[in-house]
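What follows is a predicted protein model with its sequence.
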Amino acid sequence: MIVLAYGGAVVIAILAATIPPRWVRAGGPARVVGVRLLAGFVAAAYAVVIVVVVASARGGGSATGRAIAAIAVTGAVLYGAGLLLWTGSAALLLRLGGWALMMAAAAVPSHLTLLLPLVATLTVTLHRAGLSERLRRGGKPRSPGSKGRRPRIALRTRVAR
């Protein structure tokens, strides 16, 4: 089961990192908000499940179990903060750092490793979130073929004689 969890996490992370960013952006601001809400819910549920599992262990769990739970909760809080900020480098770093901590907590071989595919789905949000910021300022999204280039405008000036 653990091998399947690791394999599933790798496959899901690769697919989520390559396909969805364009899909999320293509849906406009409503889809972006929906993905953010769903990702926040998944991160919160993940942290709650890990805390409940560690707390329900006999004798309050070991020091290792408590450390893993602390890492998972810290990761979920960082990830949630990155989701709330959403745009900018700081938000991307918070999401990336939180995701890495959540993956690290689940990657320790134990029964919590079965949560790896769940955390791998959060890879969808690990991209720069510039579209919603541009739309919020009232600008139009760039066409997929423009690749960020602006059209050249030739200016003609009259030379005084």
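Sure thing, it's come through.

What distance do you get for the most centrally placed residue in the chain to residue 109?
Centroid-nearest residue in the chain, with CA atoms, centre = their mean: residue 125, separated by 3.0 Å. Separation of residue 125 from residue 109 (CB to CB, to the nearest Å): 26 Å. C-beta: built from backbone N, CA, C; applies to glycine.

Also residue 17?
Computed as CB to CB, the residue 17 to residue 109 distance reads 24 Å.

contacting residues around the residue nearest to the centre of the chain?
Contact analysis of residue 125 by CB atoms under 8 Å, 6 or more residues apart in numbering lists 35, 36, 39, 82, 83, 95.

Could I get the pLDDT score of it?
At residue 125, the predicted lDDT confidence score is 80.

could you pull out the helices for the protein?
2-18, 20-26, 29-55, 63-85, 89-107, 116-120, 130-136 (DSSP state H).

which of those helices is buried the deepest?
Across those, the average number of neighbours (mean count of other CB atoms under 10 Å) peaks for helix 116-120, which reaches a mean of 23.

Restricting to C-alpha, output that one in PDB.
Only the C-alpha atoms of helix 116-120 are listed here, as PDB (Å, rounded to 0.1, in the frame of the first residue of the first chain):
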ATOM      1  CA  LEU A 116       0.400  11.400  -0.100                       C
ATOM      2  CA  PRO A 117      -1.900  11.300  -3.100                       C
ATOM      3  CA  LEU A 118      -4.200  13.800  -1.400                       C
ATOM      4  CA  VAL A 119      -1.300  16.200  -0.800                       C
ATOM      5  CA  ALA A 120      -0.100  15.700  -4.400                       C
END
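
just checking, what packs against it?
Applying 3 or more CB pairs under 8 Å, 6 or more residues apart in numbering; DSSP states H and E, one finds that helix 116-120 contacts helix 2-18, helix 29-55, helix 89-107.

the bottom helix or strand of this structure by mean pLDDT?
Least confident helix or strand, the chain: helix 130-136 with a mean of 51, by mean pLDDT, DSSP states H and E.

what mean pLDDT does stretch 110-118 have?
Model confidence over stretch 110-118, given as mean pLDDT, is 84.

What's the end-to-end length of it?
For stretch 110-118, the separation between the terminal residues is 15 Å (CA to CA, to the nearest Å).

give me the low-pLDDT residue ranges for the protein?
Scanning the chain with the threshold set as pLDDT under 70 gives 19-25, 60, 128-161.

repeat that for 50
For the chain, residues meeting the criterion pLDDT under 50 lie at 131-133.
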